[in-house]
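Visitor: Here is a sequence with its predicted model. Questions after.
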Amino acid sequence: MSNLLRAGVRRYIRNIVFWLALVTTCVVAVISAVNARESYYDDFYCMVVFISLAVAISWLVGRENDEGIFRNKVVAGYNKGQIYLSELILGIGTCLVMFLLFAGIFTAFNSYVFAKASVVVCLGIFADALLVNVCFGVILITVSCLVSKRAIVAIVNIILVLALIFASYSVQGIVEQDEYYTEWDYEETVVTDEFGTHVSSTPIEGSEHQVKNPEYIDGPVRTVAETLYNILPYGHITEYCYLTNDWFGYEYFDLLPEENVTWETSGKDLTLSKEAILDIYENLIWSVALNVAVCALGFICFRKKELR
Amino acid sequence: MNRLLTGNLIRLRKNIVFWLSIVCAMVGPLYTVLNNWYYKNLWDMCIHADAAFLLSGTDYFFVIALAVVISLFVGTEFSDNTIRNKLIAGHSRASVFLSNLMVSIVVAIAMYLTSAVVSCIGMPLLDRFELPLDKLIMQMACAVVSVLAIAVFFCTVTMAIGNRVISVVFSMLSVIGMQLIPPVLWSNVDYYTENGLLNTFRAKIDVLLYDWLPTCQMYRLNSVVEDIPKNIHLFPVYSAILILVIGTIGIILFKKKNLK
């Protein structure tokens, strides 16, 4: 097992795609950190990092499978479990290196947050973000070990990353709907101005009333949607984006801060509600559960796979 | 050339990835129609059938599927050494390149037509067209030429790279990148227009890219009625020029390529 890991580390270090992924992570981290300091944190940059992770893992693990190196390892006396575990450890190592680079650079630019927010909360978000990255890595490695053709592995992994991201956005759009929305009664008046004569509708003061939102779901469908949102790893990232923008008084879909006011200078109180803190801890549990489930599934499927 | 084309078309007909890409071409308009139908019934509002037609060939699924099928189909020629065999059999490099280019164009048109046909489901489910029919057809015709320009780009990239895995990864990354450019350029051009900065150098570059890049054209062609670009009639001209330029570069690169 240690021989497999040692050989794997050498293979990774000598591969240009691995270094390109690290360089991409560094560049994206700098842009993201500066952007967060000047305006707001955009999860788009996480998407770029995940895609570069998908390319690196597809290239490195897919090559082993495509060129029959797995079979050679079995011939050399290693069992399939050891081979899968060694690939998993190497892939998770790559994820960790990429994540720590990103987090380190981001923190260096935005360290002022630690003076404003609770350290426990920051550590909770850090730990969950790390687990989410590992989760993506584990899914990508499992796919790369199970699919034999490198080109197909690359396609499946890149599409999988995009699908997980868009699925998270879609489920978030369903789950985050308010149960009620405010509606006003309108008064119609005939107005004549430079555009001609037309009917103008103005809301009547004091006529606002709560109306049930038809897009709001409840009952078992809500439970399913919320569970799905918790399971999807990228859902955690969009949730933190939401949370951090909420922290600083920004609307998630209307990121227009007051002029010359940034997160750093906004002077907002960064205390989180108990519910929000519980959400972070709940996310941690979901991330661990998903990691264990995907690893176990990959292990079982890889052991049953016929190596060519 | 005829034999090469016939051979490629027969191979295409038997290719499972091509048929999967045809299925992918159905996803975008089908999702749009069903989603619009759901919201139309939920909010009891008027949603026109135009959206799905305008989205034909311009959604993410479509362009990614196009990138995958072309890079895999053409890339297989390299990985299986079929290209070298064709040259040994006496075909010129230009005819090999052109036959692959034509197959890529056939793939793009087949996918686009599938997408447009699926959009017809919206006609009974949604409200009548908001756009006049001639303008709708004009926008769809412009979208076809933009799709062809993208197909030619993917074919050229694959023929120039000569490695199936690298060309698949490069095509997918470039298509994701190309899909991200239009919203950025849109906000830039909007900012320049509002502030009267259209004469600056950077604004000119952004406007040029916004007019010429096929993904930017697609982004603008599937927009709502009031945002129809004023220079829409020039889009097919820009795309045709791009097809010619990219195709010529592709032939030159392929002629100089050392085939292993």
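Guide: Right, received. Where do you want to start?

Visitor: Just the buried positions in the helix or strand harbouring A:Glu87, please.
Guide: With secondary structure defined by DSSP states H and E, A:Glu87 is part of helix A:80-109. When burial is assessed from 16 or more other C-beta atoms under 10 Å in any protein chain shown, helix A:80-109 yields the following buried residues: A:80, A:82-92, A:94-95, A:98-99, A:101-102, A:105-106, A:109. Where you see a C-beta, it was placed from the backbone N, CA and C, and this is true even at glycine.

Visitor: For my notes, confirm A:Leu284 occurs in a helix.
Guide: Yes: counting by DSSP: H, G, I helix; E, B strand; the rest coil, A:Leu284 is located in a helix.

Visitor: Is it in contact with A:Ala127, as I believe?
Guide: Yes: using C-beta atoms under 8 Å, A:Leu284 and A:Ala127 qualify as a contacting pair, with a distance of 6.1 Å.

Visitor: Kindly list the main-chain dihedrals of the closest residue in space to A:Trp286 that isn't next to it in sequence?
Guide: Sequence neighbours aside, A:Asn230 is the residue nearest to A:Trp286 in space, at 4.5 Å (criterion: C-beta to C-beta, 6 or more residues apart in numbering or on different chains). A:Asn230 has phi and psi values of phi -70, psi -30 when expressed as degrees, to the nearest 10.

Visitor: Now the residue of chain B positioned farthest from its centre: phi and psi?
Guide: In terms of distance from the mean C-alpha position of chain B, B:Asp44 ranks first, at 34.4 Å (C-alpha atoms, centre = their mean). Note on B:Asp44: backbone dihedrals following degrees, to the nearest 10 are phi 50, psi 50.

Visitor: Could you do A:Ser118 as well?
Guide: Dihedral angles of A:Ser118 (phi, psi; degrees, to the nearest 10) stand at phi -70, psi 130.

Visitor: mean confidence for the helix holding A:Glu87?
Guide: The average pLDDT for helix A:80-109 rounds to 90.

Visitor: Next secondary structure element downstream of it?
Guide: Once helix A:80-109 ends, the next helix or strand along the chain (criterion: DSSP H and E) is helix A:112-116.

Visitor: For that following helix, buried residues please.
Guide: A:Val113, A:Lys116.

Visitor: So what's the gap between that helix and the chain middle?
Guide: The offset between the C-alpha centroid of helix A:112-116 and the centroid of the whole chain comes to 23 Å, using C-alpha atoms, centre = their mean, to the nearest Å.

Visitor: related to what we said a few turns ago, wait, what's in contact with the residue farthest from the centre of chain B?
Guide: Counting by C-beta atoms under 8 Å, 6 or more residues apart in numbering or on different chains, B:Asp44 makes contact with nothing.

Visitor: Tell me how many other residues surround A:Ala167.
Guide: Neighbour count for A:Ala167, taken as other C-beta atoms under 10 Å in any protein chain shown: 15.

Visitor: what's the answer for A:Val294, then?
Guide: A:Val294 is flanked by 22 other residues according to other C-beta under 10 Å.

Visitor: I'd guessed it sits against A:Cys135; true?
Guide: Yes: the criterion here is C-beta under 8 Å, and A:Val294 meets it with A:Cys135 at 7.1 Å.

Visitor: my read is A:Tyr78 is in a strand, agree?
Guide: No: assessed by three-state DSSP, A:Tyr78 does not belong to a strand; its assignment is coil.

Visitor: got a list of what it touches?
Guide: Residues in contact with A:Tyr78 (C-beta under 8 Å, 6+ apart) are A:Met1, A:Leu4.

Visitor: Recalculate using a threshold of 7 Å.
Guide: Counting by C-beta atoms under 7 Å, 6 or more residues apart in numbering or on different chains, A:Tyr78 touches A:Leu4.

Visitor: same question, A:Tyr229
Guide: Going by C-beta under 7 Å, 6+ apart, A:Tyr229 touches A:Val171, A:Gln172, A:Val175, A:Gly235.

Visitor: Work out for me the element it sits within.
Guide: If you go by DSSP H and E, A:Tyr229 is part of helix A:220-231.

Visitor: Check which helices and strands the next helix or strand after that helix sits against.
Guide: Sequence-wise, the next helix or strand beyond helix A:220-231 is helix A:233-247, with elements assigned using DSSP H and E. Here helix A:233-247 is seen to pack against helix A:119-146, helix A:150-175, helix A:274-304 when contacts are counted using 3 or more C-beta pairs under 7 Å, 6 or more residues apart in numbering or on different chains; DSSP states H and E.

Visitor: Nearest to B:His91 among those helices would be which one?
Guide: For the helices and strands packed on helix A:233-247, the distance to B:His91 is smallest for helix A:150-175, at 25.2 Å, taking C-beta to C-beta.

Visitor: Any stretches of the chain with poor pLDDT?
Guide: Chain wasn't specified; assuming chain A. By pLDDT under 70, the weakly predicted segments of chain A are A:244-271.

Visitor: let's do chain B instead
Guide: Segments of chain B classed as low confidence (criterion: pLDDT under 70) are B:56-57, B:223-227, B:260.

Visitor: Report all helices and strands that the helix holding A:Glu87 contacts.
Guide: Taking 3+ C-beta pairs under 7 Å, 6+ apart as the contact definition, the neighbouring helices and strands of helix A:80-109 are helix A:2-13, helix A:16-38, helix A:44-66, helix A:69-75, helix A:119-146, helix A:274-304.

Visitor: quick one: that helix to helix A:274-304, angle?
Guide: If you take axes from the mean of the first three to the mean of the last three C-alpha atoms, to 10 degrees, helix A:80-109 sits at 150 degrees to helix A:274-304.

Visitor: quick revisit: pretty sure the residue nearest to A:Trp286 is in contact with A:Ile285, am I right?
Guide: No: no contact is recorded between A:Asn230 and A:Ile285 when judged using C-beta atoms under 7 Å, the distance being 8.9 Å.

Visitor: Have a look at those two and say which one is more surrounded.
Guide: A:Asn230 (21 against 12).

Visitor: Write out the residues of chain A neighbouring chain B.
Guide: Within chain A, the residues that sit near chain B (C-beta under 7 Å from any C-beta of the partner chain) are A:Ile51, A:Val55, A:Arg150, A:Ala151, A:Ala154, A:Ile155, A:Ile158, A:Pro214, A:Glu215.

Visitor: Let's see that with 8 Å instead.
Guide: Residues of chain A lying near chain B by C-beta under 8 Å from any C-beta of the partner chain: A:51, A:55, A:58-59, A:62, A:150-151, A:154-155, A:158-159, A:162, A:214-215.
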